[in-house]
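Asker: Got a sequence here, can you model it:
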Amino acid sequence: MDQYLSTVIIALITGVFSVITLIIQKKQDHIVSKIDEQTSFIEKEKALKQKLAKKEKEEELLIHEIMILILNTNLEILEHTNGLVTDEIKNKSEELQKGFAELTAEIDVLSREYQMVLDLTSEFQKKINTKL
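Answerer: Numbering: from 1, shown residues only. Model (predicted):
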């Protein structure tokens, strides 16, 4: 009788631990799915932010081109009407255009570096999620 009773007790203890393991696994699966949802949301947000930044940059470049056109047109008008355009004004105009081009190039480099950091962070996050 003792042998059967100990077998039943061991079976009950094993069953209890199995139920606890299933509950823990279910909660863990729920947490992993929440993390996946958050990661998906973060990736969507990142993609939208990149699109927005790209469009804002295109807008700034367009405004820059318009301003250069206005500047060049004004210089041409002044030169042909009154001859008021001096070499100093032309040099300053060229200097400003070069400065803007250099600044734009630096911003491009920084943007690429920032994008690379975001990509590395995203890959790292994916690795963490697969380990969970």
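Asker: and the lengthiest helix in the chain, what other elements does it pack with?
Answerer: Counting residues, the longest helix in the chain under DSSP state H turns out to be helix 2-81. Helices and strands touching helix 2-81, by 3 or more Cβ pairs under 8 Å, 6 or more residues apart in numbering; DSSP states H and E, are helix 87-131. To be clear about C-beta, it is placed using only N, CA and C from the backbone, and glycine gets the same treatment.
Asker: just the angle between the helix it packs on and helix 2-81, please?
Answerer: 170 degrees (axes from the mean of the first three to the mean of the last three Cα atoms, to 10 degrees).
Asker: Could you measure from Gln115 over to Lys98?
Answerer: 26 Å (Cβ to Cβ, to the nearest Å).
Asker: same thing with Ile9?
Answerer: Relative to Lys98, Ile9 is positioned 87 Å away (Cβ to Cβ).
Asker: Give me the most central residue, this protein.
Answerer: The chain has Lys46 as the residue nearest its centroid, 4.1 Å off, counting by Cα atoms, centre = their mean.
Asker: Find the nearest non-adjacent residue to that one, please.
Answerer: Among residues not flanking Lys46 along the chain, Leu118 sits closest, at 6.5 Å (Cβ to Cβ, 6 or more residues apart in numbering).
Asker: Isn't the one you found up against Ala47?
Answerer: No - Leu118 lies out of contact with Ala47 (Cβ atoms under 8 Å); the separation is 10.5 Å.
Asker: between these two, which one's more packed in?
Answerer: A count of neighbours by other Cβ atoms under 10 Å puts Leu118 above the other of Leu118 and Ala47, at 13 against 10.
Asker: quick one on the thing from earlier: more neighbours: which of Gln115 and Lys98?
Answerer: Applying other Cβ under 10 Å to Gln115 and Lys98 shows that Gln115 carries more neighbours, namely 13 against 10.
Asker: Quick check, pLDDT for the more buried one.
Answerer: Here the pLDDT value assigned to Gln115 is 81.
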